[in-house]
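*Asks:* Build the 3D model from these lines:
(one chain, ligands or ions: 2)
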Amino acid sequence: MATLIRRIPPIGSPAPDISSSSSVDCSFAVEYDGPPVPYDIPRAIPIDVDRIPVASIVASSSDSSVGGLSSLPVVQPILSSPPDPTAATKKKKKKREKKKEEEASVSPTSVIAFDPSTDELEHDQSGEIGSSLKSEPLDTRSLEILDGQDDDKLPDRTSMESSVSPDTDDGYGASAEHGKRGSLVTFQDDEATGTIRSGPTRMEGGAAVERKKGSCYRCLKGSRFTEKEACLVCDAKYCINCVLKAMGSMPEGRKCITCIGHPIEESRRGNLGKCSRLLKKMLSELEIQQVMKAEKTCENNQLQAECMFVNGKQLYPEEMVLLQTCPNPPGRLKPGRYWYDKVSGFWGEWAGVQCAGNPHFWVNADGSYQEEGQKNIRGHIWGKPITRLICSILSLPFPPKTINARGEEANKVTSRTMPDYIEQKTLQKLLLVGWHGAGTSTIFKQAKFLYRAVPFSEDELEGIKLMIQTNAYNYLGMLLEGRERFEEECLASGNGNQGSEKNIYSIGPRLKAFSDWLLKAMASGSLEAIFPAATREYAPLVEELWNDAAIQATYERKSELQSLPTVAGYFLKRVVEISRMEYQPSDMDILQADGVTSSNGLASVDFLFPQLEIDGGMDAEEKLDPLLRYQLIRVPAKGLGENCKWLEMFEDVRLIIFCVALCDYDQQCDYGPAENKMLAAKSLFENIVSHSTFDQTDFLLILNKFDLFEQKLEQTPLTVCDWFDNFNPVRSLHQPNSRNTNNKEPTLAEQAYLYIAVKFKRLYTSLTGRRLYVTVTNGLDSDSVGTSLRYAKEIIKWEGRALFGASEYSVYSTTEPSSY
Ligand SMILES: Nc1nc2c(ncn2[C@@H]2O[C@H](COP(=O)(O)OP(=O)(O)OP(=O)(O)O)[C@@H](O)[C@H]2O)c(=O)[nH]1
Ligand SMILES: [Mg+2]
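*Replies:* Ligands and ions are numbered 1, 2, ... in the order given. Down below sits the predicted model:
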């Protein structure tokens, strides 16, 4: 029986001593003379001796005419017919596959024991090592184990190494030359492949060898003009002689063996699967196909979900799969930050617009965008022809021309893709609360104007008219009280007219008599009783009073009249018109009027968002959608009671809208102990946020009265309020308080409101660990309030989705309301 030759020592190596070495890697056929065997004996194929290729030592690698492959002794397989290149490749492939199967169950130790002295094996095995290593953690523990192995147990390599010319090899040759054996393979250490990555030197034969710039990372030869192949991970570049030694069989494409298992450098993603000229010179067509396929499809070379952020949230791997397998997957996706607007279905790269206070933007379906909670359009993403051009080049989606400003087109998409995510048939309840004068009743009234066909009945309107007239007389009374005070102060200080009891706050006897009567009636609480009968009668006197210089001088000092509301001027200027019988309050009058909404009890209004504002679509089904029914419940601060206890009855509320008047930062409370109004609002906010009933409820903070805030900041710094004492605005050199349209610099008021928003956000997060939604409004501007209420609707939808989100829509969990 013939024993097959397992390995033949290279030509030129000393003859092995069979008796002393069990590790000698060769054996000879001997004749079998035992008993007959019951099985078929494999037969040796007759060999044509002349056709046996003979291994010979090839000249050093400096002879690069045949590439590095020919630098090692080679034993070619015995062939029964003339060599066919495709058959050879097929054999190679089979061999590789077999080897792979074998090595799948082999420990790294046996894997390392490959023989670098045979070219074929080195090429094939080194690649397989890479793939085996992939499944093994490349940690230092395994290195220690390997390095600590008893050398005797490891296959002896010295005899092979000694046959290799030190010139042609790397560290192996050097080790052999010095007659010592280092650790066989040092993972992650470039010595394993003889690679120099970062440093300009490497140790070779105990001496530091400097790598010239542009030279091969392995053999250190060549210049930057030498053709090289680069590793997709570390960018180490290898010359034609070293590519296969450094990269093996490339199971993940062009990567150094030590880089296998690592993700590629993102800037090289575009090169995936694109074969270089150098590879074409070295590999057969079939091999190239395999390597390129592996490079493109192997898992480690794919875009990693953790590198993708959508609306500020990292994608989960399942979401990544969902994204890539959707009907219209985004092409040329790169790691990075993206925004996605679920309403319009548009997406794009995060723009990173530089703005103070990190504001957020709404992107409307028509491509216009505006700052969160603000009215003014900041720009239009489809405005420039270049945007469309770039989109078509990069196959990015852009809206069809037929889209209109309200985004009907986008909303068809929404209604199509919007899941029936919540089958609740209940009202969506919104609780509106805030400190005294924050503007809750104004917002409540705005909701009526915006969403009710008949906001107020005839009777209600009659009551409002009377209220406005009474209020006007009350304001007048407050002014008259103030006038008396200022007159007395003036006389006491001796600032009156010389030799006279009069000063600028003095009025004539007729008006004085009317003033005294009015103040008396107010003090006795009978003012309401004499109206409206008295209204027409006294109207000329009221007009005369308002136009009197003393009253105007008093009105100038309105800020010193704490009880006089800001709105007093609005009505007092028109007091004659208001006093008339035929007076009909306008919408603005109703909005401005105090007391229209009860300041003690609850008020609620049910409404649907008008169709055009819902989502732009006029779909009849949408009209019937119970999800679109909302109930706004206004709770006056006065009625909140001690510790807001009775808020428990609002446990089914979906969203709390907390309203704060921005201009309260320098005001003192009219109610309760003397305290800054903003701080009082903050305490109320803390109480409600921490209320156990609302521990799962979302909050929207409305920063109201932005118009008054803007005016006030010009006179009174924000820092007068203790809570805002570290406000340090960036002042524009040119127009400190107004919007600089060229530079897009935020105004002082914008900076200040963002600062306040952040203060509240931090406070909220510290109390709940959640995120506070914030918007800014001018309560008297219906568009502004409408935007805030739509935002509230968006939050409810969004949070509902997050709460009930069916797994098929789990991708939505990475998005947020478009404005946030
Ligand atoms: N200029 C201006 N005035 C506003 C704004 N919002 C509300 N107001 C006025 O501020 C006053 C108080 O607003 P309300 O809505 O009554 O405040 P409230 O929260 O109901 O407070 P109470 O009535 O004390 O419970 C009213 O005269 C409103 O017209 C705003 O954004 N700008
Ligand atoms: Mg009110």
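
*Asks:* can you pull the contacts of the residue nearest to residue 690 when sequence neighbours are not counted?
*Replies:* Spatial nearest neighbour of residue 690, excluding adjacent residues (Cβ to Cβ, 6 or more residues apart in numbering): residue 767 at 5.5 Å. (Glycine included, C-beta is placed from N, CA and C.) For residue 767, the contacting residues are 686, 689-690, by Cβ atoms under 8 Å, 6 or more residues apart in numbering.

*Asks:* go on, residue 291?
*Replies:* 250, 253-254, 275, 279, 283.

*Asks:* Closest one to residue 605 out of the residues you listed, please.
*Replies:* For the contacts of residue 291, the minimum distance to residue 605 (Cβ to Cβ) is 64.4 Å, reached by residue 253.

*Asks:* Is the closest one bridged to anything, and to what?
*Replies:* residue 251 (DSSP bridges).

*Asks:* picking up where we left off before, which one of the contacts of residue 291 sits closest to ligand 1?
*Replies:* The closest of the contacts of residue 291 to ligand 1 turns out to be residue 253 (Cβ to the nearest ligand atom; 62.0 Å).

*Asks:* How many residues are close by the closest one?
*Replies:* Residue 253 is flanked by 27 other residues according to other Cβ atoms under 10 Å.

*Asks:* hang on, isn't it packed against residue 301?
*Replies:* Yes. The criterion here is Cβ atoms under 8 Å, and residue 253 meets it with residue 301 at 6.6 Å.

*Asks:* Would you point out which residue of this protein is nearest ligand 1?
*Replies:* Closest point on the chain to ligand 1, by Cβ to the nearest ligand atom, is residue 779, at 2.7 Å.

*Asks:* from what I can see that residue touches residue 443, true?
*Replies:* Yes. Contact status for residue 779 versus residue 443: in contact at 5.7 Å, counting by Cβ under 8 Å.

*Asks:* Between those two, which contacts overlap?
*Replies:* By Cβ under 8 Å, 6+ apart, the residues touching both residue 779 and residue 443 are 704, 785.

*Asks:* would you say residue 429 is within a strand?
*Replies:* Yes. Counting by DSSP: H, G, I helix; E, B strand; the rest coil, residue 429 is located in a strand.

*Asks:* So what pairs up with it in the strands?
*Replies:* residue 631.

*Asks:* count of residues packed around it?
*Replies:* Applying other Cβ under 10 Å, we find 20 other residues in the vicinity of residue 429.

*Asks:* which residues touch it?
*Replies:* Shown in contact with residue 429 (Cβ under 8 Å, 6+ apart): 630-631, 633, 650, 652-655.

*Asks:* ok, and which of the residues you listed reach ligand 1?
*Replies:* When Cβ under 6 Å from any ligand atom is applied, no member of the contacts of residue 429 is adjacent to ligand 1.

*Asks:* Select, from these, the two members most distant in space.
*Replies:* 630 and 650 (14.6 Å).

*Asks:* Those two: which is more packed in?
*Replies:* Shown here are residue 630 and residue 650; by other Cβ under 10 Å, residue 630 has more neighbours (22 against 19).

*Asks:* I figured that one hits residue 430, correct?
*Replies:* Yes. Between residue 630 and residue 430 there is a contact under Cβ under 8 Å: 6.2 Å.

*Asks:* Which of the helices or strands spans residue 392?
*Replies:* Per DSSP states H and E, residue 392 falls inside helix 385-393.

*Asks:* Give me the helices and strands touching that helix, please.
*Replies:* The helices and strands touching helix 385-393, judged by 3 or more Cβ pairs under 8 Å, 6 or more residues apart in numbering; DSSP states H and E, number zero.

*Asks:* That one: which residues count as buried?
*Replies:* 387, 391 (16 or more other Cβ atoms under 10 Å).

*Asks:* show me the contacts for the closest residue to residue 684 other than its chain neighbours.
*Replies:* Sequence neighbours aside, residue 435 is the residue nearest to residue 684 in space, at 5.4 Å (criterion: Cβ to Cβ, 6+ apart). Applying Cβ under 8 Å, 6+ apart, we find residue 435 in contact with 637, 660-661, 664, 677, 680-681, 684.

*Asks:* related to what we said a few turns ago, and the pLDDT at the residue of the chain closest to ligand 1?
*Replies:* We have a pLDDT of 95 for residue 779.

*Asks:* Which positions in this structure make contact with ligand 1?
*Replies:* 434, 436-442, 565, 567, 591-592, 594, 599, 636-637, 704-705, 707-708, 778-780.

*Asks:* Report the buried members of those.
*Replies:* Buried among these by 16+ other Cβ under 10 Å: 434, 436-442, 565, 567, 591-592, 594, 636-637, 704-705, 707-708, 778-780.

*Asks:* re earlier: how is the residue of the chain closest to ligand 1 assigned, secondary-structure-wise?
*Replies:* coil.

*Asks:* Check residue 362 too.
*Replies:* Following three-state DSSP, residue 362 is assigned to strand.

*Asks:* Number of residues surrounding it?
*Replies:* Other residues near residue 362 come to 23 when the count uses other Cβ under 10 Å.

*Asks:* re the thing from before, residues touching the residue of the chain closest to ligand 1, list them.
*Replies:* Applying Cβ under 8 Å, 6+ apart, the residues contacting residue 779 are 439, 442-443, 446, 591, 704-705, 785.

*Asks:* Now with 10 Å, please.
*Replies:* Neighbouring residues of residue 779 by Cβ atoms under 10 Å, 6 or more residues apart in numbering: 438-446, 591-592, 659, 661, 702, 704-708, 785, 788.

*Asks:* ok, the residue nearest to residue 684 to residue 688 distance?
*Replies:* According to Cβ to Cβ, to the nearest Å, residue 435 stands 11 Å off from residue 688.

*Asks:* residues shared between the contacts of the two?
*Replies:* 640, 658.

*Asks:* follow-up on the earlier one: what residues are shared contacts of residue 630 and residue 430?
*Replies:* 447, 605, 654-655, 789, 792-793, 796.

*Asks:* Most widely separated two among those?
*Replies:* Using Cβ to Cβ, those span at most 16.3 Å, a distance reached by 605 and 796.

*Asks:* elements contacting the lengthiest helix in the chain?
*Replies:* Determined from DSSP state H, the single longest helix within the chain is helix 458-492. The contact analysis (3 or more Cβ pairs under 10 Å, 6 or more residues apart in numbering; DSSP states H and E) places helix 458-492 against helix 509-523, helix 527-530, helix 533-547, helix 549-556, helix 568-572, helix 575-579, helix 587-592.

*Asks:* I'd like the average pLDDT over it.
*Replies:* Rounded mean pLDDT across helix 458-492 is 89.

*Asks:* for residue 212, what are its contacts?
*Replies:* Contacts of residue 212 (Cβ under 10 Å, 6+ apart): 200, 220-224.

*Asks:* Make a PyMOL selection of the buried ones in these.
*Replies:* To isolate the buried ones among the contacts of residue 212 in PyMOL, judged by 16+ other Cβ under 10 Å, type:
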select buried, resi 220+221+222
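
*Asks:* returning to that earlier point: CA atoms only: put the helix holding residue 392 into CSV for me.
*Replies:* The C-alpha trace of helix 385-393 is given here as CSV (Å, rounded to 0.1, in the frame of the first residue of the first chain):
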residue,chain,number,x,y,z
PRO,A,385,-33.0,75.3,-9.0
ILE,A,386,-29.7,73.8,-7.8
THR,A,387,-31.6,71.8,-5.1
ARG,A,388,-33.7,70.1,-7.7
LEU,A,389,-30.8,69.4,-9.9
ILE,A,390,-28.8,67.9,-7.0
CYS,A,391,-31.8,65.8,-6.0
SER,A,392,-32.2,64.4,-9.5
ILE,A,393,-28.5,63.6,-9.7
